[in-house]
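**Student:** Give me a 3D structure for the following:
(chains A and B)
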Amino acid sequence: MKEEIIEGRRRLEEELRKLVGNIFVPEAKVFGMACGCVGLAADLRGLQSDAVEVFTEKINAILEEISESVGVKPEIIYARKLPGSEEVVVLTTRDLCERCRNEFAGSKAPPRPDIMMLKKKRWR
Amino acid sequence: MRLVVPHPGHFAALKEIIEVKEAEGLNEVVEVYMAGSPEVMGSGRATLHSARIADIKEQTAYAHQHDIKMNIVVNPSCLGGYHLTFEGYKLFKRYFEELNKADVDGVTVAEPYFIELLRDFSMETVVSCIAHVDSPQRAEFFEDLGADTIAVDTNINRNFAILEAITKAVNCDIKVLVNEGCLYKCPFRHAHFNLFSHITSSRSSLMKAQSPNIFSDYYFDKCISMRVRDPSQIIRSPWIRPEDMQEYEAIGINNFKISGRANAVNWIINCMVAYARRSFKGNLLELIDCPSELRYTFHLDNELLEGCIKQWKTCKKICDECRYCDELTTKVLRVNEK
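**Tutor:** Okay, here's the model as predicted:
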């Protein structure tokens, strides 16, 4: 796990730089929440929402690969923006618990205005 | 009953909220509210969307097509004095003019000076609960300033003598927040609202210099820890069960506001349905606007709370002598096991 997450962070930064330009990924981590969700989160500096929109498929592919390398099979992938701005500060992949499947990923609209839903598995 | 529902701010969310309201026939839902533009001023609570006037105008028109009113919340508890500068006066006055032109139905504010400024407009002036109206005397002051509606301090949600006295003292409408999950008599309340007010105004040209680079939200972290250590604080919080709203209607309060505009759309919809139907089964914390960690940690069985309102209605709020909520906690609240 240690090698995979270190390599995942490095790879994400490298791939984003190839796609967009000067991007910094200061931290990548695997998380487990009290509700039951597990996931991978990568903090970002320099990435903006328009770039994420343009490269959604490529970003998803990279994140899915890194995520699976640390044992997380993502049901959703999303970007979180700084509230009210276009600055993307975190990319997250998440294997959802039952509650969050409904509450966080169950609406047609993005769950919150600061969330850009990049990929959502079809449950039904 | 008139139910006011939070709106996170993005148009897609508004459409989904209204779609469910109409599909479920929730005629009690008459209004949505969303945060104003952080570029102009901050807000007492987390603001995840930056609504521009054109966006507000478009969403207001859509809400009106569906017979829903639109209220814009601009309720910072602290403006750092900028509202009392000529520059601030011009900016805020112009912003209210723009909201008025956008056909917004009401504006919610906490600052008394804004209530006077809003007298020039036909929009409903709503006093935010952040103004802490907790007595008939304070309600009269705000009514004299120009308030059309007062959302009372949530700390008096279970003080029926005071609530009834307020309804008798003023002619304006009284509104209660039904699901705010804050600590009763929270020692951090003013400081936390002030903190949010400054953080959310960091994009305001006037207040930029005051945007702090904080190391953590001390009040938020502390508030959760206090409740984990003493879960009776969860019971003492002044939330109102959907089944208990009729007690408020009996004393003349017909306006109910659901808090939680920074929550996920589906969480909001779930609350809207429960309060409109006056019924909920399960963990009441699912409806309470509180840190999600508490929902994951505790289960508060709503059905076991049936009838508790009778005690709270007449409670003297001297917890040290009463201990009702402490004893109730052991019966209705349990730690989730996984």
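**Student:** Which stretches in the chain count as strands?
**Tutor:** No chain specified, so I'll use chain A. Ranges of strands within chain A are A:24-32, A:38-48, A:76-81, A:87-95, A:115-120, based on DSSP state E.
**Student:** I was thinking of chain B, sorry if that wasn't clear
**Tutor:** Secondary structure of chain B, counting by DSSP E: strands at B:2-6, B:29-35, B:69-73, B:106-109, B:124-127, B:149-151, B:173-177, B:255-257, B:298-300, B:333-335.
**Student:** Just put the strands of chain A in TSV and tack on mean pLDDT and mean neighbour count.
**Tutor:** Just so you know, the C-beta spots here come from the backbone N, C-alpha and C atoms, and that holds for glycine as well. Below are those laid out as TSV (pLDDT from 0 to 100; neighbours: other C-beta atoms under 10 Å in any protein chain shown):
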stretch	mean pLDDT	mean neighbour count
strand A:24-32	95	14
strand A:38-48	94	20
strand A:76-81	96	22
strand A:87-95	95	21
strand A:115-120	95	18
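**Student:** Let me have those strands in a markdown table, adding distance to chain B as columns.
**Tutor:** Rendered in a markdown table, the data for those read as follows (distance: least, C-beta to the nearest C-beta, whole Å):
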| stretch | distance to chain B |
| --- | --- |
| strand A:24-32 | 11 |
| strand A:38-48 | 13 |
| strand A:76-81 | 9 |
| strand A:87-95 | 12 |
| strand A:115-120 | 8 |
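**Student:** Kindly reformat those strands as JSON lines containing distance to B:Asp148.
**Tutor:** Formatted as JSON lines, these follow (distance: least, C-beta to C-beta, whole Å):
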{"stretch": "strand A:24-32", "distance to B:Asp148": "46"}
{"stretch": "strand A:38-48", "distance to B:Asp148": "41"}
{"stretch": "strand A:76-81", "distance to B:Asp148": "35"}
{"stretch": "strand A:87-95", "distance to B:Asp148": "38"}
{"stretch": "strand A:115-120", "distance to B:Asp148": "35"}
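**Student:** now the residue positioned nearest the centre of chain A, nearest residue through space, not along the chain?
**Tutor:** Centroid-nearest residue in chain A: A:Thr92, 2.3 Å away (criterion: C-alpha atoms, centre = their mean). Excluding the flanking residues, the one nearest A:Thr92 by C-beta to C-beta, 6 or more residues apart in numbering or on different chains is A:Ala41, at 4.7 Å.
**Student:** How about the contacts made by the one you found?
**Tutor:** Listed by C-beta atoms under 8 Å, 6 or more residues apart in numbering or on different chains, the contact set of A:Ala41 reads A:Ala28, A:Lys29, A:Phe31, A:Val90, A:Leu91, A:Thr92.
**Student:** Next one: it from B:Phe215, what distance?
**Tutor:** From A:Ala41 across to B:Phe215, the span is 20 Å (C-beta to C-beta, to the nearest Å).
**Student:** Repeat that for B:Pro112.
**Tutor:** Applying C-beta to C-beta, the value for B:Pro112 to B:Phe215 is 33 Å.
**Student:** These two: which is more packed in?
**Tutor:** Comparing B:Pro112 with B:Phe215 by neighbour count (other C-beta atoms under 10 Å in any protein chain shown), the higher total belongs to B:Pro112, at 14 against 6.
**Student:** any weak-confidence spans in chain B?
**Tutor:** Counting by pLDDT under 70, chain B contains low-confidence ranges at B:203, B:206-212, B:338.
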